[in-house]
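S.K.: Sharing a model that was predicted from the sequence below.
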Amino acid sequence: MQDWKIRKKILFIIIISFVLVFVIITWDLFKEDKYNKRNLVILENNIREDYDQLLKNQIFTVVSMIDNLKNQYEDEHLSEKEIKNKIADTIRNLRYGDTGYYWIDTSDGTNVVLYGSDSEGINRYDLTDDTGKYIVKETIEKAKAGGGFTDYYFPKVGEKEPQPKRAYSAYYESFDWIIGTGIYMDSIGNIITNKITEEKELLRKHVVEHMIIIGGLFIFIIIANMLITKSLIDPMLFASMYAHDVSQSKFNTVIPRNFLKRKDEIGVLICSLHEMNLSIMKNMKEKEDSNIKLNKDNDFLNIILKSIGDGIVVLDSDCKVQIINEAVSNQFHIKPCDILGNDFNVVFNFKDINKRVMDKNIEDNRKREYFLCSNDIELFVEGSFWRIVNENKKSDGHVYVFQNINERLLKNQEIQYLNYHDQLTGLHNRRFFEIKFNELLDNKYFPLGLVVADLNALKLLNDSLGHLIGDELIATFSDVLKKEFSDAETIARIGGDEFAILVPNIEEKVLSKRLTDIKLELAKHQIRNFPISAAFGCAVHTSSVISFAETFKEADEKMYKDKMIDNSIVKNRILASIVQRYFELVPVKKKEVYESIGLAKKFGVILKLDQSMIKRMGKAALVYDIGNVLMEYDYFSQNRKLTEKEKEEIQTHPASAFHILKNIIDYIDVAEIVLCHHENVDGTGYPRGLEGKQIPFESKILSLVTDYCAMGSQRAYRPTLTKKEAMCEIEKNIGLRYDQELSFSFLKMLGSMDEKL
């Protein structure tokens, strides 16, 4: 601070005072905000406890009421069945609050009472919510254990979207009844949100008040600084500036007359500087003429130095910098006037390849590679020192010559990175993983945890939505792994959809818990509304005697078991999402598809097909057109004739659908049916040009049904056909597109149907 100007020192002191006031006010606001947040947590806990007590009280009240009713009806000599029915009717109509109601199940899960539901008399033991929790099973277990709470997701009455709900259940042993009631938890969030809004508004008010105080203080500081500067500091600053101008050979500074007339110490100082300025100007004029000749010689030398691309630094015998060429100035952003005469080791320093500071012997004239540093700039160079020898064969200094080889270093580093990293995810690759686990086979890293992961349904996403979506899935999954395994020694992508993680010093139960947590985290992520899922397996390596290959095999086998559980479910969910996305892209197709499903099943009954074939026809009718989801353009809405290129693109949709369906176990049996539903019996269809008996029987049925429904559906490029017009169209194409025998049966069925197309 002792080198600062006087104005800055005064301003610094004022600003420090201002900052202290600001910090104190900010700290006070921070404590207020912290206190409010703590009160909100206490409030939320109290509300949740009150809700829990309310649930228990409601159940205890109902149980007490049942006891009373039971005793009353027994006195009336009713049978046990009549008593149960009467009590069930009473419970069914009981309400509390705005939406509170009760339900009753038997201990085997058969529903007795449930408001707004048609499930009475149905066994609900395996009922699950959207998270997979067995709701009824858990309420039964907790009721029999003496009563308990169950958290789950369940729609409100009259709604479809599940909401978070908390229930309490108790066991009524006399009737073997599980009695329960629940409360939706969104009301707690509303209470807390309102309270947060109130606290924020109060805090905002306090912030405004404090800002007004700070603003007033800031205005006061500015006025005080201006008054002090005007009366005292301005003359001192001028004297300092004038002295600096003289030192920089600026001799034309105009001195205000009132400063020269001052009789105090500042006036004496300014007058002395003025006299020194005149003396220097006289000496400078005398030296100017003698320097002209020297400057001509220097100009010639500078021309030579500018023409050389390598960096050149000329040193005298004391290692002081005498000359630098333009290459040095440009590469290090330094001006010759700023460094000439300075010690070389002050201007430059050397670092080795690992950027550790190193000593460089200027007597060493061998070419060497290292980092040359100056002015916060580091260049990787190849350079050497050369001695300047005078006529007496003694050293008169040195010339340092270097070449910038940064580009070569960057290329080497890029090659090194690519050797050990996966380009898509930035994770390490298999080569690095194999090197790393050999390094970690040491007792100090044991137990060494190994996690093997495999993305579910990656090939399905690639086939259905393209490899860009698949790459996005891999990248997102990699980000989750980086977050969840921040303590891992390495995370590697060892295959297309395979990953491996090494975590030193971790127990297997802890590692298994981590895998459970990461699955929950993955459930929060989606790629274009499609779920992300992966199979995991883990094992722990505890001894150098056991081969790491055995540990890897153990983890891999666990992963495959996990994959067998989840993979089919995930693929079915993805298929459902693809169908939904297709309906969103082409809304007109939704009604058409469901009409096709109903008509296909009805035609299957007419043809006396077995139930498995009828079911297969319904599945095929649902997904026959999903190959269109890969098209970026909606050709169905175009009121014009399609180009040949557009027709060719549309004709790829059966093959696209086939590639999607063959990856899903539940739909493998319809993949071939969908692939061939645009084949014509005369061999003019696509994609393979099959004819007659080469076309699967069910594909022939599917083409009749879907074409008929499409004719009655809206299209921009043609009018909607009536039922009679559509039947005529089918009749015209018998033997060309459609199978003759099937067509007659189909037209006969349509003729017997009363409904219109």
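M.R.: Yes, it's here.
S.K.: drop to CA atoms for contacts and neighbour counts, all remaining ones
M.R.: Fine.
S.K.: quick one: secondary structure of residue 313?
M.R.: Classification of residue 313 into helix, strand or coil gives strand, according to DSSP: H, G, I helix; E, B strand; the rest coil.
S.K.: begin at 36 from here
M.R.: Sounds good: first residue 36 from here, last item residue 348.
S.K.: Okay, the closest residue in space to it that isn't next to it in sequence and residue 371: tell me how far apart.
M.R.: Residue nearest to residue 348 in three dimensions, not counting chain neighbours: residue 359, with 4.6 Å by CA to CA, 6 or more residues apart in numbering. Using CA to CA, to the nearest Å, residue 359 is found at 7 Å from residue 371.
S.K.: These two: which has the busier surroundings?
M.R.: In this view residue 359 and residue 371 are compared by other CA atoms under 10 Å, and residue 359 has more residues nearby, 24 against 16.
S.K.: follow-up on the earlier one: would you confirm that the residue nearest to residue 348 contacts residue 350?
M.R.: No - when contacts are counted by CA atoms under 8 Å, residue 359 is not listed as touching residue 350 (9.2 Å).
S.K.: next helix or strand past the longest helix along the chain?
M.R.: For the chain, the helix that runs over the most residues, judged by DSSP state H, is helix 41-110. Next along the chain after helix 41-110, taking DSSP states H and E as the criterion, comes helix 115-127.
S.K.: elements contacting that following helix?
M.R.: Under the contact criterion of 3 or more CA pairs under 8 Å, 6 or more residues apart in numbering; DSSP states H and E, helix 115-127 touches helix 41-110, strand 137-141, strand 146-149.
S.K.: got the ones you listed as JSON lines, with mean pLDDT, mean neighbour count and distance to residue 244 columns?
M.R.: Compiled in JSON lines, the helices and strands packed on helix 115-127 are given as follows (pLDDT from 0 to 100; neighbours: other CA atoms under 10 Å; distance: least, CA to CA, whole Å):
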{"stretch": "helix 41-110", "mean pLDDT": "80", "mean neighbour count": "15", "distance to residue 244": "10"}
{"stretch": "strand 137-141", "mean pLDDT": "91", "mean neighbour count": "23", "distance to residue 244": "52"}
{"stretch": "strand 146-149", "mean pLDDT": "89", "mean neighbour count": "22", "distance to residue 244": "56"}
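S.K.: Now do the contacts for residue 775.
M.R.: residue 769 (CA atoms under 8 Å, 6 or more residues apart in numbering).
S.K.: how much space between it and residue 715?
M.R.: If you go by CA to CA, the gap between residue 775 and residue 715 works out to 12 Å.
S.K.: and what of residue 200?
M.R.: Between residue 200 and residue 715 the distance, using CA to CA, works out to 55 Å.
S.K.: Flag the shaky bits of the stretch 586-735 of the chain, pLDDT-wise.
M.R.: Regions of the stretch 586-735 of the chain meeting the criterion pLDDT under 70 cover residues 601, 665-675.
S.K.: where exactly do the helices run in it?
M.R.: Under the criterion DSSP state H, counting those that start in this stretch, helices of the stretch 586-735 of the chain are mapped to 623-641, 646-658, 679-685, 688-696, 703-710, 732-746.
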